[in-house]
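Engineer: when you get a sec, could you give me coordinates for this:
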Amino acid sequence: MDFLLVTIGSLIAAIGFNAMFLPNHIVAGGMSGLAVALEKLCSWQPDYFLYGSNIPLLILSWVFLGKENFAKTLYGSWIFPVFITITKQIGSFTDNQLLGAIFGGVIVGFGIGLVYYGDSSTGGTGVLVQIIGKFTPISLGAAIILTDGMVVLTGLIAFDHETVMYSLIALFIVSRVVDFVAMGLNNAKNVMIISQKSEEVQQYLMDEISRGVTKLRVTGGFGNEEKEMLMCVVDGGEYPVLQRNILAIDPEAFVIVMPASEVLGRGFSLWKHYVHEDHVGALRK
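Structural biologist: A predicted model of the protein is given here:
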């Protein structure tokens with residue numbers, strides 16, 4: 001699945017690059033942005049430049065991100081230039097630089113977001129973004145702005161200041177879309193439930209949808225009455241059914257739902273462990 005995401009994402013990003021960024025001289029950061037400037041200054045082919053420039057960055061990927069990530073990054077850094085070569089004849093979607101920056105940012109950002117969601121990158125400064133994301137609390141979008149902002153400024157050498165302004169617009173859009181795709185695809189919900197029938201609700205959560213439950217002791221602010229709150233993390237697709245069934249158990253249940261941008265553990269980042277119905281009672285004892 002990760003390699004499939006990297007392949008699809010690289011193809012989408014390559015289309016956005018050749019159809020929007022390159023013909024409109026949008027230097028939206030990264031080695032691909034630098035390739036746009038060098039294509040103008042030195043007539044270097046962007047795909048060939050990307051092949052060569054990834055070598056030292058792949059070494060960093062091996063050292064800091066591990067062998068598994070290196071394998072996927074090696075694949076991404078190879079397949080992205082290949083798709084740029086394949087799609088270079090696609091032609092420009094627009095000659096308007098503003099439209100190229102906006103829609104190119106959306107297309108490229110969506111593609112790169114899929115690649116990052118596949119725990120990889122297209123090489124280039126994407127490796128640096130992953131290293132920053134792994135060792136610091138900085139989000140993917142902010143890391144892109146930090147690493148690629150300097151690349152955008154190189155556009156001043158090859159192009160006029162207005163082109164650089166459009167490039168900054170594109171860079172901002174790319175970073176926002178990457179954050180949305182890479183984090184938004186994880187649509188897990190953190191559900192907190194206060195109910196007079198908490199035991200029945202807990203049994204439903206554990207037996208019917210096989211999700212773990214955490215019990216929290218809470219105190220009401222009005223009557224200082226102690227109650228029990230259940231906390232459970234579910235997939236976004238599971239929540240509508242969960243909501244209906246909880247309210248069927250207790251129509252007066254108080255339910256709080258919050259997005260969980262990242263969930264690690266069994267059932268999410270690890271395989272879900274299903275307990276056979278006959279063993280549920282024994283396990284509880």
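Engineer: touching, residue 13 and residue 106? I think so.
Structural biologist: No: if you go by Cβ atoms under 8 Å, residue 13 and residue 106 don't touch, sitting 11.3 Å apart. (C-beta placed from N, C-alpha, C; glycine too.)
Engineer: among those two, which residue is more densely surrounded?
Structural biologist: Higher neighbour count among residue 13 and residue 106: residue 13, with 28 against 17, using other Cβ atoms under 10 Å.
Engineer: mind listing what the more buried one touches?
Structural biologist: 80, 83, 107-108, 111-112, 115, 122 (Cβ atoms under 8 Å, 6 or more residues apart in numbering).
Engineer: pretty sure it sits in a helix.
Structural biologist: Yes: under DSSP: H, G, I helix; E, B strand; the rest coil, residue 13 sits within a helix.
Engineer: could you report the separation of it from residue 26?
Structural biologist: 13 Å (Cβ to Cβ, to the nearest Å).
Engineer: and what of residue 129?
Structural biologist: Applying Cβ to Cβ, the value for residue 129 to residue 26 is 19 Å.
Engineer: how about residue 4?
Structural biologist: 28 Å.
Engineer: out of these two, which sits in the busier spot?
Structural biologist: residue 26 (32 against 10).
Engineer: pretty sure the more buried one contacts residue 20?
Structural biologist: Yes: if you go by Cβ under 8 Å, residue 26 and residue 20 touch, sitting 6.8 Å apart.
Engineer: between the two, which contacts overlap?
Structural biologist: 100-101, 104.
Engineer: will you turn these into CSV that also has neighbour count and distance to residue 239?
Structural biologist: Shown next, in CSV, are the shared contacts of residue 26 and residue 20 (neighbours: other Cβ atoms under 10 Å; distance: Cβ to Cβ, whole Å):
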residue, neighbour count, distance to residue 239
100, 26, 39
101, 26, 37
104, 30, 35
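Engineer: residue 34: which of the residues you listed is nearest?
Structural biologist: Within these, the smallest distance to residue 34 is 16.0 Å, found for residue 104 (Cβ to Cβ).
Engineer: how is this structure carved up into domains?
Structural biologist: For the chain, the structural domains run 2-184, 188-284, going by automatic domain parsing.
Engineer: separation between residue 193 and residue 22?
Structural biologist: 52 Å.
Engineer: brain fart, residue 64
Structural biologist: 30 Å.
Engineer: who has more neighbours out of these two?
Structural biologist: Neighbours were tallied for residue 64 and for residue 22 using other Cβ under 10 Å; the higher tally belongs to residue 22 (21 against 15).
Engineer: excluding chain neighbours, what is closest to the more buried one?
Structural biologist: Nearest residue to residue 22, sequence neighbours excluded (Cβ to Cβ, 6 or more residues apart in numbering): residue 36, at 5.8 Å.
Engineer: sec struct for the residue nearest the centre of the chain, please.
Structural biologist: Centroid-nearest residue in the chain, with Cα atoms, centre = their mean: residue 182, separated by 0.8 Å. Taken by three-state DSSP, the conformation at residue 182 corresponds to helix.
Engineer: pLDDT at it, what is it?
Structural biologist: As predicted, residue 182 sits at a pLDDT of 72.
Engineer: can you tell me the closest non-neighbouring residue to residue 162?
Structural biologist: Closest to residue 162 by Cβ to Cβ, 6+ apart is residue 97, at 7.7 Å.
Engineer: show me the contacts for that neighbour.
Structural biologist: Residue 97 touches 24-26, 162-163, 166, counting by Cβ under 8 Å, 6+ apart.
Engineer: would you map the helices across the stretch 151-285 of the chain?
Structural biologist: 155-158, 161-184, 198-207, 239-249, 280-284 (DSSP state H, counting those that start in this stretch).
Engineer: out of those helices, which comes closest to residue 87?
Structural biologist: helix 161-184 (17.9 Å).
Engineer: so how far is that closest one from its chain's centroid?
Structural biologist: Centre-to-centre, helix 161-184 and its host chain are 14 Å apart (Cα atoms, centre = their mean, to the nearest Å).
Engineer: can you give me the angle the host helix or strand of the residue nearest to residue 22 makes with helix 161-184?
Structural biologist: If you go by DSSP states H and E, residue 36 is part of helix 30-42. Interaxial angle of helix 30-42 relative to helix 161-184 (axes from the mean of the first three to the mean of the last three Cα atoms, to 10 degrees): 160 degrees.
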